[in-house]
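Chemist: Next comes the sequence, and after it the predicted model I'd like to discuss.
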Amino acid sequence: MKKIITTLACLLMATTISFAAEKSDSKFGAGVKATFDYNMMYGFEEDNDGTDGDPSGFGFDAGLMFRLNLAKGLYFAPEVNFAYTSTSHKYIKKERSYTAMDLEIPLMFRASFVFLEKLYVTAGPQIVLNLKNDSEIPPMADGNSLLGGIVNGAISALGYAEHTEQGFFNFGIAAGLGYNIVGGLNVDARFYMGFMELFPDTKTIGEDIESGDSFTYINMHGAKMMKFKVGISYWFM
């Protein structure tokens, strides 16, 4: 009885793997994916003295992927992913954090190696639409600095408070390397580099600031996003 059950289980696994392989060779396909991300801002126009480095942190994304077979081993493979990004750094020993929920749309091309069909490369442009963003910035004044207290108090009295506002649209390029584990199951690593400013409307001290404007004491101009991603994906059709 055990031998019969084992044989049936093996046949079922073989059928499943064969079916997944056949689906990967079809003209069209769809699948799901999830990745773990390391995020880092780069490209600041000025070095911010008093910070412990550029903001960095971890996040994740998950979504759907699609496949159009262009030629043997070559696919157009766009994706639609919901991504959560979190970065932080310290300014004068106080932590500042920045979070965002984005809709990422990588327009990827995927190509398998001729002699290593399980290994593949991906590359293409990526569109990013910001759905929600927030920042947690502690007050500059702590009561121990007369100048800090006067400056922060005066600005607060006018209705100003430090906060960032991320732009709605962003654009960059992504490239990666992946491996087909079995059937439609894959694991891959990817690098993304954004080309547009994250906070184009966030002002800094020295600019003409009005009540309600997004502004920070440190200069956020030029900040862009890069991500290192490691994830898993599965083609279900």
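Modeler: Right, received. Where do you want to start? If you're wondering where the values come from, they're calculated on a predicted model, not measured in any experiment.

Chemist: Please count neighbours and contacts with C-alpha atoms only from this point.
Modeler: OK.

Chemist: Distance check, the residue lying closest to Gly194 once chain neighbours are set aside against Phe228.
Modeler: Spatial nearest neighbour of Gly194, chain neighbours left out: Gly172 (4.0 Å); criterion: C-alpha to C-alpha, 6 or more residues apart in numbering. Gly172 is 13 Å from Phe228, where distance means C-alpha to C-alpha, to the nearest Å.

Chemist: ok, now Phe236?
Modeler: 25 Å.

Chemist: same check, this time on Lys72
Modeler: Between Lys72 and Phe228 the distance, using C-alpha to C-alpha, works out to 29 Å.

Chemist: who has more neighbours, these two?
Modeler: Set Lys72 next to Phe228 and count neighbours by other C-alpha atoms under 10 Å: Phe228 wins out with 18 against 10.

Chemist: As a check, name the ranges of all strands in this protein.
Modeler: Chain-ordered strands for the chain, with DSSP state E as the definition, fall at 28-42, 56-71, 74-91, 94-112, 119-136, 169-182, 185-194, 203-204, 215-216, 224-235.

Chemist: In the chain, where is pLDDT below threshold?
Modeler: 1-25, 141-160 (pLDDT under 70).

Chemist: and of the strands of the chain, who's closest to Asn48?
Modeler: strand 74-91 (8.6 Å; C-alpha to C-alpha).

Chemist: Show me what the closest one packs onto, helices and strands only.
Modeler: Using 3 or more C-alpha pairs under 8 Å, 6 or more residues apart in numbering; DSSP states H and E as the contact definition, the elements that strand 74-91 packs against are strand 28-42, strand 56-71, strand 94-112.

Chemist: Dump the ones you listed into CSV; add mean neighbour count and distance to Phe191 as well.
Modeler: Compiled in CSV, the helices and strands packed on strand 74-91 are given as follows (neighbours: other C-alpha atoms under 10 Å; distance: least, C-alpha to C-alpha, whole Å):
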stretch, mean neighbour count, distance to Phe191
strand 28-42, 19, 10
strand 56-71, 18, 14
strand 94-112, 20, 12
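
Chemist: Relative to Asn130, which of those strands is closest?
Modeler: Closest approach to Asn130 among these (C-alpha to C-alpha): strand 94-112, 4.4 Å.

Chemist: Tell me what angle that closest one forms with strand 119-136.
Modeler: Orientation check (axes from the mean of the first three to the mean of the last three C-alpha atoms, to 10 degrees): strand 94-112 against strand 119-136 gives 160 degrees.

Chemist: Give the pairing partners of strand 94-112; include direction for each.
Modeler: Based on DSSP bridges, the strands next to strand 94-112 in the sheet, each with its direction, are strand 74-91 (antiparallel), strand 119-136 (antiparallel).

Chemist: on that earlier part again, and for the residue nearest to Gly194, the neighbour number?
Modeler: When neighbours are counted by other C-alpha under 10 Å, Gly172 registers 18.

Chemist: I'd guessed it sits against Ala123; true?
Modeler: No: proximity of Gly172 to Ala123 does not meet the contact threshold set by C-alpha atoms under 8 Å, at 11.2 Å.

Chemist: sorry, back to before: mind listing what the residue nearest to Gly194 touches?
Modeler: For Gly172, the residues meeting the contact criterion (C-alpha atoms under 8 Å, 6 or more residues apart in numbering) are Pro125, Gln126, Ile127, Tyr192, Met193, Gly194, Phe195, Met196.

Chemist: Could you find the closest non-adjacent residue to the last one?
Modeler: It refers to Met196. Nearest non-adjacent residue to Met196, counting by C-alpha to C-alpha, 6+ apart: Asn170, 5.7 Å away.

Chemist: beta partners of that neighbour?
Modeler: Here Asn170 sits in beta bridges with Val128, as judged by DSSP bridges.
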